[in-house]
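A.B. asks: What follows is a predicted structure for the sequence shown.
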Amino acid sequence: MLALSSTTAFAQDGVVTREEILAGVFSSEEITSDRVFLTKEQRSQIGELSREQVLSGLVARYVITRDGQVVGRAYVDTHVVRTKRESLLISLDADGSLRRIDVTAFLEPIQFQAAPSWYQQYTGHPLSDEVMVQRAIRAIAGATLTATATNSAVRRVLATDLVLEGTAR
(Lines give C-alpha, C1' and ligand atoms only; values in the text may rest on other atoms or scores of the structure.)
Protein backbone atom coordinates (compact mmCIF):
# COMPACT_ATOMS: atom_id res chain seq x y z
CA MET A 1 0.00 0.00 0.00
CA LEU A 2 1.23 3.51 -0.78
CA ALA A 3 -0.63 6.74 -0.30
CA LEU A 4 1.12 10.04 -0.86
CA SER A 5 0.02 13.53 0.03
CA SER A 6 1.96 16.76 0.04
CA THR A 7 2.98 16.29 3.66
CA THR A 8 2.74 12.61 4.54
CA ALA A 9 3.55 9.34 2.82
CA PHE A 10 2.34 5.96 3.97
CA ALA A 11 4.63 3.16 2.82
CA GLN A 12 4.06 -0.48 3.56
CA ASP A 13 5.49 -3.74 2.30
CA GLY A 14 8.56 -2.12 0.75
CA VAL A 15 6.64 -0.11 -1.84
CA VAL A 16 8.76 2.97 -1.20
CA THR A 17 12.04 3.25 0.70
CA ARG A 18 12.99 5.76 3.38
CA GLU A 19 15.52 7.23 0.99
CA GLU A 20 12.80 7.74 -1.65
CA ILE A 21 10.58 9.46 0.90
CA LEU A 22 13.44 11.71 2.01
CA ALA A 23 14.30 12.56 -1.59
CA GLY A 24 10.72 13.81 -1.95
CA VAL A 25 10.79 15.76 1.31
CA PHE A 26 14.23 17.31 0.79
CA SER A 27 14.35 17.46 -3.03
CA SER A 28 17.87 17.72 -4.59
CA GLU A 29 19.80 17.65 -1.31
CA GLU A 30 22.43 15.06 -0.33
CA ILE A 31 21.13 12.42 2.09
CA THR A 32 23.54 10.52 4.35
CA SER A 33 22.48 7.57 6.48
CA ASP A 34 23.90 7.51 10.00
CA ARG A 35 23.69 5.14 12.99
CA VAL A 36 24.33 6.65 16.41
CA PHE A 37 24.96 4.67 19.59
CA LEU A 38 23.69 6.71 22.51
CA THR A 39 25.63 6.86 25.74
CA LYS A 40 23.87 6.16 29.02
CA GLU A 41 24.00 9.89 29.75
CA GLN A 42 22.43 10.77 26.38
CA ARG A 43 19.64 8.23 26.89
CA SER A 44 18.95 9.68 30.32
CA GLN A 45 18.92 13.23 28.97
CA ILE A 46 16.59 12.28 26.09
CA GLY A 47 14.22 10.54 28.52
CA GLU A 48 14.21 13.57 30.79
CA LEU A 49 13.61 16.07 27.97
CA SER A 50 10.94 14.03 26.19
CA ARG A 51 9.31 12.58 29.29
CA GLU A 52 9.16 9.34 27.31
CA GLN A 53 10.88 6.00 27.64
CA VAL A 54 13.96 5.70 25.41
CA LEU A 55 13.39 2.37 23.71
CA SER A 56 16.85 1.79 22.24
CA GLY A 57 20.41 3.01 22.47
CA LEU A 58 20.71 2.79 18.68
CA VAL A 59 19.40 5.71 16.63
CA ALA A 60 18.82 5.48 12.87
CA ARG A 61 19.28 8.96 11.48
CA TYR A 62 19.59 10.66 8.12
CA VAL A 63 21.44 13.94 7.73
CA ILE A 64 20.41 16.07 4.76
CA THR A 65 22.82 18.66 3.40
CA ARG A 66 22.93 21.18 0.57
CA ASP A 67 26.26 22.70 -0.45
CA GLY A 68 27.85 21.36 2.74
CA GLN A 69 25.23 22.91 5.05
CA VAL A 70 22.78 20.80 7.07
CA VAL A 71 19.23 21.57 5.94
CA GLY A 72 17.50 18.83 7.90
CA ARG A 73 17.64 15.54 9.72
CA ALA A 74 15.31 12.56 9.83
CA TYR A 75 14.98 9.82 12.41
CA VAL A 76 13.37 6.39 12.39
CA ASP A 77 11.29 5.51 15.45
CA THR A 78 9.89 1.98 15.68
CA HIS A 79 7.54 1.15 18.53
CA VAL A 80 4.47 -0.92 19.43
CA VAL A 81 1.04 0.71 19.15
CA ARG A 82 -1.26 -1.93 20.68
CA THR A 83 0.36 -5.28 20.03
CA LYS A 84 2.03 -4.66 16.68
CA ARG A 85 4.81 -2.52 15.30
CA GLU A 86 4.67 0.92 13.72
CA SER A 87 7.68 2.68 12.17
CA LEU A 88 7.74 6.41 11.58
CA LEU A 89 10.23 8.44 9.60
CA ILE A 90 10.23 11.82 11.34
CA SER A 91 11.86 14.63 9.35
CA LEU A 92 13.11 17.81 10.99
CA ASP A 93 14.24 21.13 9.60
CA ALA A 94 17.77 22.36 10.37
CA ASP A 95 16.45 24.27 13.41
CA GLY A 96 15.08 21.03 14.92
CA SER A 97 11.40 21.76 14.31
CA LEU A 98 9.23 19.03 12.87
CA ARG A 99 8.91 19.07 9.09
CA ARG A 100 6.98 15.89 8.31
CA ILE A 101 5.98 12.46 9.60
CA ASP A 102 5.90 9.46 7.28
CA VAL A 103 4.47 6.10 8.28
CA THR A 104 6.79 3.45 6.84
CA ALA A 105 5.20 0.46 8.58
CA PHE A 106 1.87 0.05 10.35
CA LEU A 107 1.08 -3.53 11.27
CA GLU A 108 -2.03 -2.85 13.36
CA PRO A 109 -5.44 -3.05 11.65
CA ILE A 110 -5.73 -0.19 9.16
CA GLN A 111 -8.74 1.35 10.95
CA PHE A 112 -6.39 2.29 13.81
CA GLN A 113 -4.07 4.29 11.56
CA ALA A 114 -4.31 8.07 11.71
CA ALA A 115 -5.25 10.09 8.64
CA PRO A 116 -2.50 12.11 6.91
CA SER A 117 -4.12 15.35 8.09
CA TRP A 118 -3.70 14.29 11.71
CA TYR A 119 0.10 13.97 11.31
CA GLN A 120 0.25 17.43 9.70
CA GLN A 121 -0.61 19.17 12.97
CA TYR A 122 2.94 18.42 14.20
CA THR A 123 4.50 20.46 11.38
CA GLY A 124 6.63 23.35 12.60
CA HIS A 125 6.64 22.30 16.25
CA PRO A 126 9.87 22.11 18.26
CA LEU A 127 9.94 20.09 21.49
CA SER A 128 7.75 21.85 24.06
CA ASP A 129 5.11 21.09 26.66
CA GLU A 130 2.49 21.88 24.00
CA VAL A 131 3.51 18.89 21.84
CA MET A 132 1.09 16.62 23.63
CA VAL A 133 -2.23 15.03 22.77
CA GLN A 134 -5.03 17.22 24.16
CA ARG A 135 -2.80 20.31 23.97
CA ALA A 136 -1.48 21.41 20.55
CA ILE A 137 -2.21 17.94 19.18
CA ARG A 138 -5.81 16.82 18.69
CA ALA A 139 -6.87 13.37 19.86
CA ILE A 140 -8.15 10.76 17.40
CA ALA A 141 -11.48 9.10 18.07
CA GLY A 142 -11.03 5.35 17.71
CA ALA A 143 -7.24 5.51 17.47
CA THR A 144 -6.17 6.74 20.89
CA LEU A 145 -3.29 4.26 21.14
CA THR A 146 -1.96 5.35 17.74
CA ALA A 147 -2.10 9.00 18.79
CA THR A 148 -0.32 8.24 22.06
CA ALA A 149 2.38 6.11 20.40
CA THR A 150 2.96 8.71 17.67
CA ASN A 151 3.18 11.55 20.16
CA SER A 152 5.70 9.59 22.23
CA ALA A 153 7.78 8.93 19.11
CA VAL A 154 7.71 12.60 18.08
CA ARG A 155 8.76 13.75 21.54
CA ARG A 156 11.58 11.15 21.64
CA VAL A 157 12.86 12.22 18.22
CA LEU A 158 12.72 15.94 19.00
CA ALA A 159 14.60 15.33 22.27
CA THR A 160 17.11 13.03 20.56
CA ASP A 161 17.84 15.72 17.99
CA LEU A 162 18.37 18.34 20.69
CA VAL A 163 20.81 16.08 22.52
CA LEU A 164 22.73 14.93 19.44
CA GLU A 165 22.96 18.47 18.06
CA GLY A 166 24.14 19.79 21.43
CA THR A 167 21.28 22.28 21.71
CA ALA A 168 19.48 20.70 24.68
CA ARG A 169 18.97 23.09 27.60
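C.D. replies: Ah, there it is.

A.B. asks: Every contact and neighbour count from this point should use C-alpha atoms.
C.D. replies: Fine.

A.B. asks: would you list every one of the strands in the chain?
C.D. replies: Using DSSP state E, the strands of the chain run over residues 2-4, 9-11, 30-37, 58-66, 69-80, 85-93, 98-106.

A.B. asks: start to end distance for stretch 91-101?
C.D. replies: Terminal residues of stretch 91-101 are spaced 6 Å apart (C-alpha to C-alpha, to the nearest Å).

A.B. asks: Need the contact partners of that stretch.
C.D. replies: When contacts are defined by C-alpha atoms under 8 Å, 6 or more residues apart in numbering, stretch 91-101 is touched by residues 7-9, 25, 70-75, 88-90, 119-120, 122-127, 158, 161-162.

A.B. asks: Now restrict those residues to buried residues only.
C.D. replies: Neighbour counting with 16 or more other C-alpha atoms under 10 Å marks 7-9, 25, 70-75, 88-90, 119-120, 122-123, 125-127, 158, 161-162 as buried within the contacts of stretch 91-101.

A.B. asks: May I have the predicted confidence score for Ser6?
C.D. replies: Note on Ser6: pLDDT of 40.

A.B. asks: Same question for the one 3 residues further on.
C.D. replies: Confidence per residue is given as pLDDT, and for Ala9 that number is 50.

A.B. asks: For the longest helix along the chain, name the packing helices and strands.
C.D. replies: Ordering each helix of the chain by length in residues (DSSP state H) puts helix 144-164 first. In terms of contacts (3 or more C-alpha pairs under 8 Å, 6 or more residues apart in numbering; DSSP states H and E), helix 144-164 is packed against helix 40-50, strand 69-80, strand 85-93.
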